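**Q** Provided below for reference: sequence and predicted model.
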Amino acid sequence: MTVPRETLERLKIYQDLLLRWNSRINLVAPASVHDIQTRHIDDCLQVSELADASAGHWIDLGSGGGLPGLVLAIAKAETDLVFTLVESDQRKAAFLRTVIRETGLSNTSVVAKRIEALSPLNAAYASARALAPLRQLVAYLHLHLEPTGTAFLMKGRQWQAEVEDARKEWVFDCLAHPSRTQEGAATLEISGVSHGAK
Ligand SMILES: C[S@@+](CC[C@H](N)C(=O)[O-])C[C@H]1O[C@@H](n2cnc3c(N)ncnc32)[C@H](O)[C@@H]1O
């Protein structure tokens, strides 16, 4: 796949800012800082490839240092998607706003509040990585995803157990896409969320 020059330039600006800010605030684990490209950027680009989305509101929950939200917003900058990054930590939100400004991203804004404190966002798409157990994430989706919406949730090796646990409280469709960067991990494509157990 050919990546447009502007996307590569923006990813480079993002990576440089991530490295610089990470010495002051903990955006990514120090052990992973020397492998940002594979451990973080390539990891998140997988979601961009999976999501055949070109218009609508996309929310990224618990964005932290912008993973996957900022990577997606950069990768999809030429589409009509509009991104909202939800991150309650004010310093991390300041970092996200700095990257948006420095990369000239016009499709992205930051909401520095707690997910559960927001009025329903009615988003068409959602994403999250390393935020909460799936059962809690599905509760967030129930609140903020429109009924026909789709979420892409990046999960580690325990994803099957998390799906089983979440199904005790929620009904949803789930497609697991195996990770290319982390053995056993998967991106869960989730839709049709409603209350109740199967
Ligand atoms: C472990 S970090 C993961 C960050 C990023 N998604 C990643 O994969 O690197 C979780 C982030 O979610 C934020 N967060 C946790 N609970 C939240 C909530 N209820 N509302 C908004 N942000 C939340 C935290 O401040 C933190 O930055």
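**A** Structure's in. What do you need?

**Q** what bits of this protein have low per-residue confidence?
**A** 1, 198 (pLDDT under 70).

**Q** pretty sure L121 contacts T84?
**A** Yes: using C-beta atoms under 8 Å, L121 is in contact with T84, at 6.8 Å. From N, CA and C alone the C-beta is placed, and that goes for glycine too.

**Q** Now the common contact residues for these two.
**A** Common contact partners of L121 and T84 (C-beta atoms under 8 Å, 6 or more residues apart in numbering): 57, 59.

**Q** all helices of this structure, in order?
**A** With DSSP state H as the criterion, the chain has helices at 5-22, 36, 43-50, 69-75, 90-103, 134-144, 159-166.

**Q** gap between the third one and the chain center?
**A** It refers to helix 43-50. Distance of helix 43-50 from the chain centroid (C-alpha atoms, centre = their mean, to the nearest Å) equals 10 Å.

**Q** try the fourth one
**A** Here helix 69-75 shows a centroid-to-chain-centroid distance of 8 Å under the convention C-alpha atoms, centre = their mean.

**Q** ok, the residue lying closest to I25 once chain neighbours are set aside to L27 distance?
**A** Excluding the flanking residues, the one nearest I25 by C-beta to C-beta, 6 or more residues apart in numbering is R91, at 5.0 Å. Using C-beta to C-beta, to the nearest Å, one gets 9 Å for the distance from R91 to L27.

**Q** Show me which of the two is the more surrounded one.
**A** More neighbours surround L27 than the other of R91 and L27, with 22 against 13 (other C-beta atoms under 10 Å).

**Q** Can you verify my assumption that K92 contacts G69?
**A** No: in this structure K92 lies outside contact range of G69 using C-beta under 8 Å: 11.2 Å.

**Q** So which of these two has more stuff around it?
**A** G69 (29 against 22).

**Q** Residues of the chain that sit close to the ligand?
**A** The chain has residues 28, 62-65, 67, 86-89, 92, 114-116, 129-131 near the ligand, with proximity defined as C-beta under 6 Å from any ligand atom.

**Q** go with 8 Å
**A** 27-28, 40, 60-69, 86-89, 92, 113-117, 128-132, 140, 154 (C-beta under 8 Å from any ligand atom).

**Q** Need the buried ones from those selected in ChimeraX.
**A** Buried subset of the residues of the chain next to the ligand, written as a ChimeraX selection, criterion 16 or more other C-beta atoms under 10 Å:
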select :27,28,40,60,61,62,63,64,65,66,67,68,69,86,87,89,92,115,128,129,131,132,140,154
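
**Q** hmm, back to that, what touches both of K92 and G69?
**A** With C-beta under 8 Å, 6+ apart, K92 and G69 have common neighbours S63.

**Q** ok, back up a step: so which of the helices of the chain is the most packed in?
**A** Among those, helix 69-75 has the highest mean neighbour count (mean count of other C-beta atoms under 10 Å), at a mean of 28.
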